[in-house]
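Colleague: Whatever this is, show me its structure:
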Amino acid sequence: MSDQRGFISADQFHPDPYTQSRNAERTLNAAIVRADISRSYEEYLAVFDEFYADDIEGSSETIKEPIRGKERVRSLLFSFLLPLHAMAEVGGVSISIRETAIPGDAFDETHSAWTLELVGVSGKICTVNWRILRKWNESRVVLEHHYDYKQRGEPLTLGDLRFDTPVPAIGFQRPS
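Modeller: This is a model prediction of the structure:
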């Protein structure tokens with residue numbers, strides 16, 4: 001009779017960098033897709049705070065110099081999210097976001113394709129597609145680069161938004 005004791009390898013708790021970056025990418029992207037911009041832009045900022053490193057570097061094909069530092073990138077993200085939230089909550093625009101993973105073999109680098117669809121109350125649709133390259137350090141994004149932007153449909157205008165004007169209360173009439 002042998003007395004063999006099973007040991008659990010430490011590698012089970014600390015996956016290799018390739019697996020770790022893929023798991024973090026899937027978790028991050030799922031959190032982004034699950035958040036609801038019509039309810040709140042704060043959900044997206046919380047996801048950003050959780051997954052992005054303090055020394056994050058953000059870049060795209062449309063900006064000359066990368067943006068460095070979590071606060072600067074967060075500020076840029078906020079300036080993108082706030083109008084989307086207002087269009088959804090106040091303007092009645094339906095907003096959806098979808099993600100598709102792009103296979104790769106670099107251990108600390110992931111790619112994904114994104115689609116943002118805006119549907120105005122008029123029925124007009126504007127779709128924006130782009131790709132993201134992320135570099136990871138363990139479970140934190142240290143670099144994010146947006147590229148390959150494409151837009152289908154014209155941007156939404158005021159006519160594609162709903163602005164319900166409140167009805168004056170009885171006894172309080174507007175002057176003529």
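Colleague: Now do the SS call for residue 144.
Modeller: Using DSSP: H, G, I helix; E, B strand; the rest coil, the structure places residue 144 in strand.
Colleague: can you tell me which residues contact it?
Modeller: For residue 144, the contact set (Cβ atoms under 8 Å, 6 or more residues apart in numbering) comprises 52, 56-59, 73, 132-135. Using the backbone N, CA and C atoms, a C-beta is placed for each residue, glycine as well.
Colleague: what's the answer for residue 48, then?
Modeller: 73-74, 77.
Colleague: List the residues that contact residue 102.
Modeller: Contacts of residue 102 (Cβ under 8 Å, 6+ apart): 110-113, 131.
Colleague: now, which of the contacts of residue 48 lie within helices?
Modeller: With DSSP state H as the criterion, helices contain 73-74, 77 from among these.
Colleague: Tabulate those residues (TSV), appending distance to residue 146.
Modeller: Formatted as TSV, these follow (distance: Cβ to Cβ, whole Å):
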residue	distance to residue 146
73	12
74	16
77	12
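Colleague: need those residues in JSON lines with pLDDT, can you?
Modeller: Formatted as JSON lines, those follow (pLDDT from 0 to 100):
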{"residue": "73", "pLDDT": "97"}
{"residue": "74", "pLDDT": "97"}
{"residue": "77", "pLDDT": "96"}
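Colleague: Scan the residues you listed and report the most crowded one.
Modeller: Within the ones in helices among the contacts of residue 48, most neighbours by other Cβ atoms under 10 Å means residue 73, with 20 neighbours.
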